[in-house]
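**Q** what follows is a protein structure lacking sequence information:
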């Protein structure tokens with residue numbers, strides 16, 4: 001069992017590969033490897049990779065740290081480079097500001113955060129003071145100078161950052177890594193699921209009588225939502241009321 005108790009290890013079935021499926025597989029292999037759980041990724045050869053977004057926030061950095069992978073281990077394989085923030089050209093034409101930059105916040109910025117907030121409040125009072133984040137936060141300064149987040153060992157602050165990368169190569173790297181850590185791959189399209197008497201998923205079903213039973217199922221089928229919506233009827237909750245930009 002996953003908690004180290006008696007009995008056979010739990011079988012975790014991740015339906016869908018791609019970046020989401022293989023990230024889930026690596027996280028679970030790191031946490032419940034060494035026989036505490038058996039992990040299978042079922043990936044359909046019929047569904048290609050959707051190239052939506054080839055950049056990340058600092059959460060991807062924390063992900064790689066959590067699974068014990070250094071930048072040098074994955075960045076060259078995925079044609080990756082460092083990303084210090086996000087820049088929006090033409091974000092608000094009526095404001096007269098050509099672009100808005102959002103630097104990723106680092107520990108060093110705690111010293112400048114108050115000045116930024118004071119200027120924001122002052123501007124709302126009608127005074128023309130600068131409120132551009134890249135003027136206050138270290139990643140905005142580094143980006144303007146074409147510099148990266150790496151620093152010498154004696155520098156006392158960590159510089160947060162994300163990455164730009166080839167998403168197809170990243171998915172391939174994560175797949176190879178997970179399999180090297182004991183995750184099993186089944187390449188087959190999943191058509192439906194078999195429910196237990198309690199209404200839980202007991203197995204996923206494919207062509208030619210394929211049946212993969214499991215104890216825990218993770219739906220990484222993206223927009224298809226094969227298990228969550230089509231099989232379990234979990235409703236879709238829109239965030240349209242909270243998204244103020246189209």
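**A** That came in fine, so what should we check first? Since the structure is predicted, the reported quantities are computational estimates derived from the model, not experimental observations.
**Q** show the contacting residues for the closest residue to residue 102 other than its chain neighbours.
**A** Nearest-residue entry for residue 102: residue 86, 4.7 Å, with adjacent residues in sequence omitted and distances by C-beta to C-beta, 6 or more residues apart in numbering. C-betas here are computed from N, CA, C, even on glycine. Neighbour list for residue 86: 55, 101-102 [criterion: C-beta atoms under 8 Å, 6 or more residues apart in numbering].
**Q** which residue packs closest to residue 77, ignoring adjacent ones?
**A** residue 173 (5.1 Å).
**Q** ok, and for whichever helix or strand the one you found is part of, which residues are buried?
**A** In this structure, residue 173 sits in helix 167-180 according to DSSP states H and E. Buried positions in helix 167-180, judged by neighbour count with 16 or more other C-beta atoms under 10 Å: 167-175, 177-178.
**Q** could you list the low-pLDDT ranges of the chain?
**A** Within the chain, the ranges that satisfy pLDDT under 70 run 1-6, 46-53, 246.
**Q** all helices of it, in order?
**A** Applying DSSP state H to the chain gives helices spanning 18-32, 59-66, 71-74, 113-124, 138-144, 167-180.
**Q** closest one to residue 203 among these?
**A** If you check each of the helices of the chain against residue 203 by C-beta to C-beta, helix 18-32 wins as the nearest, at 17.9 Å.
**Q** what angle sits between the closest one and helix 167-180?
**A** 30 degrees (axes from the mean of the first three to the mean of the last three C-alpha atoms, to 10 degrees).
**Q** quick one: buried residues of helix 18-32?
**A** Residues of helix 18-32 classed as buried under the neighbour-count rule (16+ other C-beta under 10 Å) are 18-26, 28-29, 32.
**Q** turn those into a markdown table, including distance to residue 190.
**A** A markdown table is the format used below for the buried residues of helix 18-32 (distance: C-beta to C-beta, whole Å):
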| residue | distance to residue 190 |
| --- | --- |
| 18 | 14 |
| 19 | 18 |
| 20 | 15 |
| 21 | 12 |
| 22 | 16 |
| 23 | 19 |
| 24 | 16 |
| 25 | 16 |
| 26 | 21 |
| 28 | 19 |
| 29 | 21 |
| 32 | 22 |
